[in-house]
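Participant: need a structure here:
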Amino acid sequence: MIDHVTLNVGEYAAAKEFFSRSLAPLGYNVVKDFPEWKAVGLGQGGKPDFWLAEKQPVGNQHVAVAAPSRAAVDAFYQAALAAGAKDNGAPGIRADYHPAYYAAFVFDADGNNIEAVTHKPE
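Facilitator: From the prediction side, this is the model:
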């Protein structure tokens, strides 16, 4: 089981704002913030498991965040677009993966592919 991941971003403050807004519908919020290090940890229930650090962005990274429902995937997608993301796949079934794979994909400002996904049939 993965404990946490870190995504390198080009601008700490912009990424913090973007991911705070985009991941809020999935129950994520800022748990730890280290502005002096330009790093922030987001998570659920007080545990930061998704970290952002201002470093040379690698770009083209893919992070999938579990969503509790299809409605949450839809809300993530709308929140991410409103926060400035670029569409990389509207919410919908990805039957090539499996019949209940419901996901949405966006690109963040650094070109990373951010996905919200649920595997629950609804």
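Participant: Now stretch 102-122: buried residues?
Facilitator: Buried residues in stretch 102-122, counting neighbours by 16 or more other C-beta atoms under 10 Å, are found at 102-110, 112-118. Any C-beta I mention is one placed from the backbone N, CA and C, and that applies to glycine too.
Participant: do the same with stretch 80-88
Facilitator: For stretch 80-88, burial by neighbour count (16+ other C-beta under 10 Å) applies to 80, 83, 85, 88.
Participant: List the contacts of the first one.
Facilitator: Contacts here follow C-beta atoms under 8 Å, 6 or more residues apart in numbering; on that basis residue 80 touches 18, 21, 22, 104, 106, 114.
Participant: Give me the local confidence score for the last one.
Facilitator: At residue 114, the predicted lDDT confidence score is 97.
Participant: Wasn't it part of a helix?
Facilitator: No: assessed with DSSP: H, G, I helix; E, B strand; the rest coil, residue 114 is strand; it does not lie in a helix.
Participant: ok, which stretches of this protein are strands?
Facilitator: 5-9, 29-34, 39-44, 47-54, 62-66, 86-87, 92-93, 102-107, 113-118 (DSSP state E).
Participant: can the ones you listed go into a markdown table with extra columns for distance to residue 72?
Facilitator: Putting these into a markdown table (distance: least, C-beta to C-beta, whole Å) gives the following:
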| stretch | distance to residue 72 |
| --- | --- |
| strand 5-9 | 20 |
| strand 29-34 | 14 |
| strand 39-44 | 12 |
| strand 47-54 | 16 |
| strand 62-66 | 9 |
| strand 86-87 | 18 |
| strand 92-93 | 14 |
| strand 102-107 | 10 |
| strand 113-118 | 7 |
